[in-house]
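Q: Predicted model and sequence below, questions to follow.
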Amino acid sequence: MSNGLEVVVNRDQASKMAAVNLLYRVGSKHESPERTGFAHLFEHLMFRGTERVPDFDAPVQAACGENNAYTTADYTNFYITLPRENIATALYLEADRMTGLDISPEALTAEKSVVVEEFNQRYLNQPYGDQWMLLRGEAYQKSHYRWATIGLSPDHIRAASLDEVRAFYDRFYQPSNAILSLSADIPEDEMVAMAEEWFGDISSTPAPLFVPEAEPVQSAPRRLEVERAVPADQITIALRMEHRNSRCHYLCDLLTDLMAGGESARFYQRLVKEQQIFSSTNAYITGEVDGGLFIAIGQLNPGVTIEEAEAAVWRELLLFATEPVGEKELEKVRNKFEANILFGELNVMNKAMNLSYYAMLGDMDLLNGEVAIYNSITPEEIMDFAQKFFRRDQSTTLVIRSKQ
């Protein structure tokens, strides 16, 4: 659109529901290190209402719809599902809060209190609650991924002034910094016309330029050990990945499923069931756009030392570099990826979310092309990748010891 709003649509003739998804290109990485947690704060503030619509949820419910939102390091996502006949309600509401959000002192005070309480309950007062803050702070030195979406400290939210919050809104929550995606059984040209009708007159300044700070090349292992009131010792090993669109992302994603994709996977069979080193294990990727983390994590059984547990995890990681993965094992994981992607596309809301997400990545072909990428990965490529990727000098280890 002329004001910079990116619009993507999908005609879904299999559903009587409509999905309206609005993705803003603002996440925790866009914040100042001195004022973190603002993107997550706005996830809450955007439901406070406007002068025209004081209660955002009421008209959604009256239109037989549901709505919610979530914040990541790279973007904030707002979505509404409702009968397709009522899609105009969702478009009106999203356009209204893009321009007229009620950022009053009372609203800000209320939501600051909610966010601070969430910070305390989910991160500071839970066993292992601060593990991701500790890990990110070690794994990243310069990148704004070094703090969680909730922020570095609740003090940043407590100290946020009304002027700072309004400036954040004016900068990021505008058409040029957003992607609107629609999925419904409505002709594509009609959906585009609806977007133009509701959003076309909203003025917008050019989207803010964000250049991620270059993360220095890691040349030595990093390690942090802490004591906490937790039920068991825990060890986490992390390695930094490349960009979300890179081959590295898919290889790491596939490797984590080989390690921890259910009870038949390697970690459970070898480290939990056979060797009984861990009571539970997991492996996954965090998936940030500019380069997320590959994570291997486990909680130790009583009597097992940190040294034994750490050595066991590294043995499993390095095994990928020396022994080819069996074709049957690999095929099982490939089939799982394909099934997950296909089942995900059955839901009208998932379709709208995916349209916005892949548009943000700048490669819409990935929306229908990721199954082929996973299927193209060979045992030989896995070995070659593991030899280069699983290096101790590029790892970050977090050990949380149980207080005695």
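A: That came through, no problem.
Q: Going by C-alpha atoms from here, please, whenever you check contacts or count neighbours.
A: OK.
Q: Let me know how buried R136 is, in neighbour terms.
A: Residues lying near R136 (other C-alpha atoms under 10 Å) number 20.
Q: For it, which three-state class applies?
A: When classified by DSSP: H, G, I helix; E, B strand; the rest coil, R136 comes out as helix.
Q: I'd assumed H144 was in contact with it.
A: No. Counting by C-alpha atoms under 8 Å, H144 is not a contact partner of R136; they are 9.6 Å apart.
Q: I figured E225 hits R401, correct?
A: Yes. Using C-alpha under 8 Å, E225 is in contact with R401, at 7.4 Å.
Q: Comparing the two, which shows the higher neighbour count?
A: R401 (19 against 11).
Q: Quick check: buried residues in stretch 15-24?
A: Neighbour counts using 16 or more other C-alpha atoms under 10 Å place 17-24 of stretch 15-24 among the buried residues.
Q: Helices along the stretch 301-404 of the chain, start to end?
A: Secondary structure of the stretch 301-404 of the chain by DSSP state H, counting those that start in this stretch: the helices cover 306-322, 327-344, 348-361, 366-376, 379-389.
Q: What is the second one packed up against?
A: In this structure, helix 327-344 packs against helix 247-260, helix 366-376, with contacts taken as 3 or more C-alpha pairs under 8 Å, 6 or more residues apart in numbering; DSSP states H and E.
Q: Quick check: which of those has the most neighbours on average?
A: Counting by mean count of other C-alpha atoms under 10 Å, helix 247-260 has the highest mean neighbour count of the helices and strands packed on helix 327-344, with a mean of 20.
Q: Just want the angle from that one to helix 366-376.
A: 60 degrees (axes from the mean of the first three to the mean of the last three C-alpha atoms, to 10 degrees).
Q: let's have the chain start at 28 instead
A: Noted, 28 is the first residue going forward, which turns the last one into helix 274-287.
Q: moving C-terminal of helix 274-287, what's the next helix or strand?
A: helix 293 (DSSP states H and E).
Q: roughly how far is that following helix from the heart of the chain?
A: 26 Å (C-alpha atoms, centre = their mean, to the nearest Å).
Q: What strands flank whichever helix or strand comes after that helix, and is each parallel or antiparallel?
A: Next along the chain after helix 293, taking DSSP H and E as the criterion, comes strand 305-312. Strand 305-312 has the following strand partners under DSSP bridges: strand 320-327 (antiparallel).
Q: Can I get the partner strand in CSV? Just the C-alpha atoms.
A: Output of strand 320-327 as CSV, limited to C-alpha atoms (Å, rounded to 0.1, in the frame of the first residue of the first chain):
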residue,chain,number,x,y,z
LEU,A,320,20.5,-20.6,19.7
PHE,A,321,20.9,-24.4,19.5
ILE,A,322,20.0,-25.7,22.9
ALA,A,323,20.8,-29.0,24.6
ILE,A,324,19.5,-29.3,28.2
GLY,A,325,19.1,-31.8,30.9
GLN,A,326,18.3,-32.2,34.6
LEU,A,327,20.6,-34.6,36.4
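Q: And that strand, how far out from the chain middle?
A: The answer for strand 320-327 is 18 Å, by C-alpha atoms, centre = their mean.
Q: Out of the helices of the stretch 328-431 of the chain, which gets nearest to F199?
A: Shortest distance between F199 and these, using C-alpha to C-alpha, is found for helix 375-388: 14.6 Å.
Q: any idea of the angle the closest one forms with helix 354-371?
A: Relative orientation of helix 375-388 versus helix 354-371 (the same axes, to 10 degrees): 110 degrees.
Q: Apart from its chain neighbours, what residue comes closest to A96?
A: F105 (4.3 Å; C-alpha to C-alpha, 6 or more residues apart in numbering).
Q: Could you check how far that neighbour is from E93?
A: 11 Å (C-alpha to C-alpha, to the nearest Å).
Q: More neighbours: those two, which one.
A: Legend: neighbour count by other C-alpha under 10 Å for F105 and E93, higher for F105 (20 against 15).
Q: Could you give the bridge partners of that one?
A: Here F105 sits in beta bridges with L49, A96, going by DSSP bridges.
Q: What of the one 5 residues further on?
A: With DSSP bridges applied, P110 shows beta-bridge pairing to M44.
Q: Alright, calling it a day.
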